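> Mind looking at a prediction? Sequence and model below.
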Amino acid sequence: MTATPEEILEFLSVIDIDDFPKRYNIAPTQPILLVVAGEKMAPGSNLPERRAVLARWGFLPGWVKDPKDFPLLINARAETAIGKASFRAAMRHRRVLVPASGFYEWHRPSKEEGGKAQAYWIRPRNGAVVAFAGLMETWSSADGSEVDTAAILTTHANASIAPIHNRMPVVIQPQDFEQWLDCKTQEPRDVEHLMQPAQADFFEAIPVSDLVNKVSNMGPDVQTPVEPSVKLKAGAPAKPGSDQLSLF
């Protein structure tokens, strides 16, 4: 997330947002920025105000007793989130937007291709902020403390991302923000059609070094372009693997 607060305010129409530093390498369990529908109505509008909040990247359903015994859910499959026990309640009541400047993903070559894994910085071609579909849950511990947690919805990759990985984040377009965030009148089945891959020309993928693989590397140099170790084959799907995105 390297956009300025002013850019996020304009793109997502949130009522206010705290200043924050640019973050070039956000890892699971770290805080991520979310946009949620507020309870109050926006002045001069019949739409709820949108608020910006921070949440832990790593979803915890409310029924989890001990987080140590539960896997780290950084993503949720769009195809099954409506019915899956972990995400069912959040799909109905706590849909959010996750603003980002882009995401990282790894291409892991097949034996036939040879070479080592290659990291890619994947961003909107127009350089603007993008809003991913997200789910939020507030988890309460036995001592009464609470933590807001979140996951990002993913779907099958479009033609441009498929050579890198078989999954990609769900992108919510600006004209659909209101419907996605409206959990009062819009049930999960009403927004199911929004959870589709972005158009093939929406993102561009830039090969970067493995600096991004270390959380301690947080500067802009993680996005410096490099020569890829293996040239991607246009239209060739990535080798099937985990449904969880590797990096973000």
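Noted; the coordinates are in hand.
> contacts, neighbours, all on C-alpha from now
Will do.
> Counting neighbours, what do you get for P169?
Using other CA atoms under 10 Å, P169 is surrounded by 27 other residues.
> And Q179, by the same measure?
Using other CA under 10 Å, Q179 has 16 neighbouring residues.
> Following the helix or strand containing R92 in sequence, what is the next regular element?
R92 belongs to helix 88-93 when elements are defined using DSSP states H and E. Once the chain leaves helix 88-93, the next helix or strand it forms, by DSSP H and E, is strand 95-100.
> Return the mean pLDDT over the helix or strand that comes right after that next one, rounded to an integer.
The first helix or strand that comes after strand 95-100 along the chain, using DSSP H and E, is strand 103-107. Strand 103-107 shows a mean pLDDT of 97.
> Do I have it right that E187 meets R94?
No: counting by CA atoms under 8 Å, E187 stays clear of R94, with 10.9 Å between them.
> center of this protein, which residue is that?
For the chain, the residue nearest the mean C-alpha position is I152 (4.1 Å; CA atoms, centre = their mean).
> so what's it up against?
74-76, 98, 132-135, 169-170 (CA atoms under 8 Å, 6 or more residues apart in numbering).
> Closest one to A42 out of the residues you listed, please.
V98 (20.4 Å; CA to CA).
> can you tell me how far the closest one sits from A131?
For V98, the distance to A131 (CA to CA, to the nearest Å) stands at 5 Å.
> still on that earlier bit, between E187 and R94, which has more neighbouring residues?
More crowded of E187 and R94, by other CA under 10 Å: R94, with 22 against 16.
> Excluding chain neighbours, what is closest to the more buried one?
Closest residue to R94 apart from its sequence neighbours, by CA to CA, 6 or more residues apart in numbering: M136 at 5.5 Å.
> what do you get for E146?
S140 (4.5 Å).
> what about that neighbour, neighbour count?
17.
> from what I can see it touches L60, true?
No: S140 lies out of contact with L60 (CA under 8 Å); the separation is 9.5 Å.
> got the contact list for stretch 191-209?
Applying CA under 8 Å, 6+ apart, the contact partners of stretch 191-209 are 78, 118-125, 133, 155-161, 168-172, 176, 179-180, 222-228.
> Packing partners of the longest helix seen in the chain?
Counting by DSSP state H, the longest helix found in the chain is helix 5-12. Helices and strands touching helix 5-12, as assessed by 3 or more CA pairs under 8 Å, 6 or more residues apart in numbering; DSSP states H and E, are absent.
> could you check the angle strand 95-100 makes with that helix?
Calculated by axes from the mean of the first three to the mean of the last three CA atoms, to 10 degrees, helix 5-12 forms an angle of 140 degrees with strand 95-100.
> For helix 5-12, list every residue counted as buried.
Buried residues in helix 5-12, counting neighbours by 16 or more other CA atoms under 10 Å, are found at 5, 8-9, 12.
> what do you get for stretch 48-67?
Within stretch 48-67, the residues that count as buried by 16+ other CA under 10 Å are 48-52, 55-61.
> okay, the residues you listed in JSON lines with pLDDT, secondary structure and distance to A85 next?
Below are the buried residues of stretch 48-67 laid out as JSON lines (pLDDT from 0 to 100; DSSP: H, G, I helix; E, B strand; the rest coil; distance: CA to CA, whole Å):
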{"residue": "P48", "pLDDT": "82", "secondary structure": "strand", "distance to A85": "28"}
{"residue": "E49", "pLDDT": "91", "secondary structure": "strand", "distance to A85": "29"}
{"residue": "R50", "pLDDT": "94", "secondary structure": "strand", "distance to A85": "27"}
{"residue": "R51", "pLDDT": "94", "secondary structure": "strand", "distance to A85": "27"}
{"residue": "A52", "pLDDT": "94", "secondary structure": "strand", "distance to A85": "27"}
{"residue": "A55", "pLDDT": "97", "secondary structure": "strand", "distance to A85": "21"}
{"residue": "R56", "pLDDT": "97", "secondary structure": "strand", "distance to A85": "20"}
{"residue": "W57", "pLDDT": "98", "secondary structure": "strand", "distance to A85": "19"}
{"residue": "G58", "pLDDT": "97", "secondary structure": "coil", "distance to A85": "16"}
{"residue": "F59", "pLDDT": "97", "secondary structure": "strand", "distance to A85": "12"}
{"residue": "L60", "pLDDT": "96", "secondary structure": "coil", "distance to A85": "11"}
{"residue": "P61", "pLDDT": "95", "secondary structure": "coil", "distance to A85": "9"}
